[in-house]
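Peer 1: fold the following for me, if possible:
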Amino acid sequence: MWGFTRKIGIDLGTANTVVFVPGRGFIINEPTIVALRRPSNTVMAVGSEAKEMIGRTSEEIVAYRPLKDGVIADYYITKALLTYFISKATGRFNIFRPDVIISVPAGITQTERRAVVNAATESGAKNVFVVREPVLAALGSGIPINARSGHMIVNMGGGTSEVAVIALGNIVSWSSLRVAGNRFDQALSDYIKKKYALAIGEQTAEQVKIAIGSALPTKDKMDYEVRGRNLVNGLPKDIVISSNEIAEALNSYLIEIASSVQNVFNTTPPELVADIMSKGIILSGGSAQLHHLPQFFERFLGVPAYVAEDPLFCVAKGTGLILDHLDTYKQTLLNKR
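Peer 2: Now for the predicted structure:
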């Protein structure tokens, strides 16, 4: 039996939400999806249960992703989502409203930041603190963010890829690009449609990416059987796709992300660039799990790159580190408003 939960860390991602509670670890890792019944807009399901409904329900029930590119696109649905995650984390009989830390994109506006704070407060939080994702990802990947030397983090999530150089506890230079996992899934779907005249669903595209997704073509390619709808006759059809084809499908988007990294280098003080050249770039986020991604960045940029341990959980892990030292970080990293 757990005690009362007074602190919660939420990695509120466009694709997935991870919830961390001190002493309990990662207790929730579910899709950032809400299923609504039309036209009443009644919430039918949230998270994993809602994702299972995608493409399998009547037109009355619609699955929504309430975040777009890392920020709130629908306030009402986001509130329902946060209420679900906070109540699931605290339990039905928790008598305390918990302090909550929520991740936000580096480029968030004051209006967008206020929407996150208000939505979380109305969903059951007591005090709400927002921290920019690259800082949390850096903390969670083990980067000493308060050091004088520079470190670069590339956090590739579902909606955004964020690049940041961090030194002395601050983001020195950064870039936020609306190209990440969701775009990869769409690129795969479009590629298969064009090359094989086969229509596949959103979940199938994601499964292919997770199973054999690669950033570079290789001699030891992997194959994966994909089932979809033949666009010529409308009947079911199976094809086999290779990891080299996926690398081809994703190439233009990966070049966009690498170019964004290059732009951040161009606005970073030379001393910090030298630090990064010797230490390398750290890759985090769910999309950092693509095979051969470090090699892709090394070829494009000439800088070594490494995938963080448990890249999917770096941001949530960062919230946990802050929650463990909340009073200390209140004076520095945390913005309550």
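Peer 1: C-alpha only now, for contacts and for neighbours.
Peer 2: OK.
Peer 1: what residues are up against the residue nearest to Ile276 when sequence neighbours are not counted?
Peer 2: If the residues on either side of it in the chain are set aside, Ile276 comes closest to His151, at 5.6 Å by C-alpha to C-alpha, 6 or more residues apart in numbering. His151 makes contact with 143, 145, 165-167, 272, 275-276, 279-281, according to C-alpha atoms under 8 Å, 6 or more residues apart in numbering.
Peer 1: ok, now Tyr329?
Peer 2: Shown in contact with Tyr329 (C-alpha under 8 Å, 6+ apart): Ile322.
Peer 1: can you tell me the element it falls in?
Peer 2: Under the criterion of DSSP states H and E, Tyr329 resides in helix 326-330.
Peer 1: just how off-centre is that helix within its chain?
Peer 2: Taking C-alpha atoms, centre = their mean, to the nearest Å, one finds helix 326-330 lying 25 Å from the centre of the chain it belongs to.
Peer 1: and it, what's buried?
Peer 2: For helix 326-330, burial by neighbour count (16 or more other C-alpha atoms under 10 Å) applies to Leu326.
Peer 1: the domain parsing of the chain - what is it?
Peer 2: Per the record, the chain has its domains at 7-135+315-330, 138-179+250-309, 182-245, by automatic domain parsing.
Peer 1: mean pLDDT for those domains: which is lowest?
Peer 2: Here the domains of the chain differ in mean pLDDT, and the lowest is domain 7-135+315-330 at a mean of 87.
Peer 1: how far does that one sit from its chain's centre?
Peer 2: On the basis of C-alpha atoms, centre = their mean, domain 7-135+315-330 sits 12 Å off its chain's mean C-alpha point.
Peer 1: quick one: residues in contact with the helix or strand where Phe26 lies.
Peer 2: Using DSSP H and E, Phe26 maps to strand 25-31. With C-alpha under 8 Å, 6+ apart as the test, strand 25-31 has contacts from 15-21, 47-48, 51, 85, 89, 316.
Peer 1: may I have the strands that pair with it, each with its orientation?
Peer 2: If you go by DSSP bridges, strand 25-31 pairs up with strand 16-21 (antiparallel).
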